[in-house]
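Novice: Show me how the following folds:
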Amino acid sequence: MRLSASTACIALFVAILAGCTTETVVSPQPSGTEGPDPAPGDDPSDPSTPKDPDTTNEAKAPSVKLDATFKAISDAKNDIYAAVPAAGGKTYVALRKAGGAIGWGSGTLVRRYLASGTLDSSFGTQGEVSTVLVANPSGLGVDADGRVLVGGTGLYDPDVTSDTGREIVVLRLTGEGDVDTGYGRSGRAMLTYSAANTHTSALHVLSDGSVFVSAWGRTSGKETFGAFLVNPAGVGVSTFGTNGFLSSPFPVDGALAVGGEVLVPTTSGLMKYDAAGASKGAAIQAGIAQVKVGKDGSYTAIAAGGEQLYLARFSKAGVADASFDGPEIGEDFADFVVLADNSVLYADAAGISWVGPKGGSPTVIAKDVAAQRLALTADGKLLVTSVGKVARYTF
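Specialist: Just a heads-up that it's a prediction; the model follows:
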């Protein structure tokens, strides 16, 4: 069983807010505000400030049910690590292959499923690619050309590979399921990470095919976090962060690729970087743990307000939407998505809950669904990845 990286991210983000940190946590606030700071609880742009009753949500929570046209994906032997929707209603799933050394398994399985939830025999060998070129595949994405990017670590198995297990690896497959040998070193980008126990927590694909891959590690009980940026040729971008590694005090799997930029959450702002690794300033001047972009270009985020996290909304310019009544978010939060009408679905220990376009109190619409990751398909269905299972829901 694998812990949700997002849950770990939220818990550590809260711990940093509550403790002593050199970074400043800024409650969401419209830019250009002048005059004295408002008293605590009086700032209408702070998500912790109670909202007037007329700002509450008048929309109704949707009913949700399992998609009867989709056969849920499960595997009793191999661990499901990641799943992403793809064009044509297809779904890619990455699994850690059973066996091998503890902590690495014996490699990775990448499968492609049709819209019905059955294996797509045109991918790999009868729908599956088995490889030792990457282990622990927590990162998974598809680029604009239909190529599959798998983020993980090197496979430590001296009888099979020369990997140490401390490498961060991004493997690229063609749309047919072949290793793309023109990418990186014979199909994979190899990134140096010195932690004794190394993991990839997420992967995000930019519009030009560059990849942002978040990583965390532990040495002698001390954890380190950060991210790498890999160019379309499979080479690490050395100008990103310090010598190619952007360090962070907490996991950055809550980042998001938007066009040719990646938005990286920090306790002092949502920072923008281009595909060359150059900093483009802050998209939002507030502490952010995770962010998504709506159809209208607005940001919906897990944001910091004092020592508490809240669901918050910001304009395309990064200005807090004072009319959005964002509920508090607990440390058991896992993931969220933004629907076409700007309402939000989020997953935590209670199941999957809905928050309307204007915010308001959450409504549980799928009780006891232990989701780790949520994703929307092109036709608006909800793909839910949980421990050992990938299911699809309709509204």
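Novice: which residues of the protein score low on pLDDT?
Specialist: For the chain, the stretches with pLDDT under 70 are 1-58, 195.
Novice: Which segments of it make up each domain?
Specialist: Listed by automatic domain parsing, the domain ranges of the chain are 24-29+52-76+316-395, 78-259.
Novice: Looking at the ones you listed, which one is packed in the most?
Specialist: Comparing the domains of the chain by mean neighbour count (mean count of other C-beta atoms under 10 Å), domain 78-259 ranks first with a mean of 20. All C-beta atoms are positioned from the backbone trio N, CA, C, and that covers glycine.
Novice: For that domain, measure first residue to last.
Specialist: With C-alpha to C-alpha, to the nearest Å applied, domain 78-259 spans 34 Å between its terminal residues.
Novice: How about stretch 205-225?
Specialist: End-to-end distance for stretch 205-225: 19 Å, by C-alpha to C-alpha.
Novice: hmm, back to that, could you export the domains of the chain as JSON lines, including distance to residue 269?
Specialist: Formatted as JSON lines, those follow (distance: least, C-beta to C-beta, whole Å):
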{"stretch": "domain 24-29+52-76+316-395", "distance to residue 269": "7"}
{"stretch": "domain 78-259", "distance to residue 269": "12"}
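Novice: Select, out of the ones you listed, the one closest to residue 291.
Specialist: domain 78-259 (5.3 Å; C-beta to C-beta).
Novice: so how far is the closest one from its chain's centroid?
Specialist: Centroid displacement of domain 78-259 relative to its chain, using C-alpha atoms, centre = their mean, to the nearest Å, is 13 Å.
Novice: Please report phi then psi for the closest residue to residue 361 other than its chain neighbours.
Specialist: Using C-beta to C-beta, 6 or more residues apart in numbering and skipping the chain neighbours, the partner closest in space to residue 361 is residue 327 (6.3 Å). Dihedral angles of residue 327 (phi, psi; degrees, to the nearest 10) stand at phi -80, psi 160.
Novice: How about residue 266?
Specialist: Dihedral pair for residue 266: phi -140, psi 170, per degrees, to the nearest 10.
Novice: Hmm, it is touching residue 251, no?
Specialist: No. Contact criterion C-beta atoms under 8 Å: residue 266 and residue 251 do not qualify, at 11.6 Å.
Novice: Next up, the contacts around residue 138.
Specialist: Listed by C-beta atoms under 8 Å, 6 or more residues apart in numbering, the contact set of residue 138 reads 2, 5, 81-82, 94, 151-152, 199-203.
Novice: Identify each of the helices in the stretch 201-350 of the chain and give its residue range.
Specialist: In the stretch 201-350 of the chain, no helices are defined using DSSP state H, counting those that start in this stretch.
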